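Novice: need a 3D model of the following:
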Amino acid sequence: MKRTVNYYFAGKIEKHGWRESIVGTDRQGVSHLRYAVSDPETGWVFDPDAVIEEKWPVIALSETENYVGPFFVGCDHGCYHGPRQHGNGVDGRGCYSDGTVPHIRQFAIHELCLWTIAIRTDIVFAWIDSDDVFGTFAEIAYAAALNKEIWIATDKINPELWFIYHYAHNFEVATTPLSAWKDFHSEDHYQTYSELVEKRDLCSKEREEQEPPFDKGSIFDAIKDLDGKKLW
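Specialist: Take a look at the predicted model:
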């Protein structure tokens, strides 16, 4: 019997972000990543203290895979998203203008993310599509210190991030997070950043060896042959 693997998805957080392409939505198109919603009749179905105490839920991706975090507050307006909000309105930003909006503070989100990585996570899957995902960098380093398996995917290699890339047990360049996710699940796919770079360098060297040398003389001879002839 195969064991169940728990995944933590690190990367940029935004309303209807890339995680939904893998985790999915329900029949109404509501993201499975929402662990709290607004109810016009009863108000907010959201107790920050309970979330901190009981932790985030676990969602089955398949019979042998689970998604364990992060999760976000969903109000359909995107009020809990934005710079430095982590999808939880950590500075009190939300639908209520009177300052009573329920939210999880920064230090609590920090502890919740680290607890999830340390206790529940087997593999951290990180999508890096910019060079300012500072929280993601911290999560990767933290996971590495705990000997967690790390998968890193990016849409374009940034040489300045080489130190982060070397944390990856499995590294990929892909057009989308979903395509990277699928590539990582292929049986023969396991490569580090160094191995990928070496393959690219080898392919580049082979192409150079196959291409004929550039001969300036032949171009000048061709120009001379055309001298005085009509080209149209």
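Novice: the nearest residue to Asp155 once chain neighbours are set aside and Ile59, how far apart?
Specialist: Using C-beta to C-beta, 6 or more residues apart in numbering and skipping the chain neighbours, the partner closest in space to Asp155 is Asp129 (5.2 Å). Yep, even glycine has a C-beta here, placed from its N, CA and C like the rest. Distance, Asp129 to Ile59, by C-beta to C-beta, to the nearest Å: 23 Å.
Novice: quick check: mean pLDDT of stretch 157-175?
Specialist: The average pLDDT within stretch 157-175 is 94.
Novice: buried sites along that stretch?
Specialist: 157, 161, 164-165, 167-172, 174 (16 or more other C-beta atoms under 10 Å).
Novice: secondary structure and distance to Tyr67 added to those, as JSON lines?
Specialist: Formatted as JSON lines, those follow (DSSP: H, G, I helix; E, B strand; the rest coil; distance: C-beta to C-beta, whole Å):
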{"residue": "Ile157", "secondary structure": "coil", "distance to Tyr67": "26"}
{"residue": "Leu161", "secondary structure": "helix", "distance to Tyr67": "25"}
{"residue": "Ile164", "secondary structure": "helix", "distance to Tyr67": "22"}
{"residue": "Tyr165", "secondary structure": "helix", "distance to Tyr67": "24"}
{"residue": "Tyr167", "secondary structure": "coil", "distance to Tyr67": "21"}
{"residue": "Ala168", "secondary structure": "coil", "distance to Tyr67": "20"}
{"residue": "His169", "secondary structure": "coil", "distance to Tyr67": "19"}
{"residue": "Asn170", "secondary structure": "strand", "distance to Tyr67": "18"}
{"residue": "Phe171", "secondary structure": "strand", "distance to Tyr67": "21"}
{"residue": "Glu172", "secondary structure": "strand", "distance to Tyr67": "19"}
{"residue": "Ala174", "secondary structure": "coil", "distance to Tyr67": "19"}
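Novice: closest to Ile13 out of those residues?
Specialist: Ile164 (17.8 Å; C-beta to C-beta).
Novice: got the contact list for the closest one?
Specialist: 128, 137, 140, 152 (C-beta atoms under 8 Å, 6 or more residues apart in numbering).
Novice: cool, and Ile157?
Specialist: 165, 173.
Novice: understood, closing this out.
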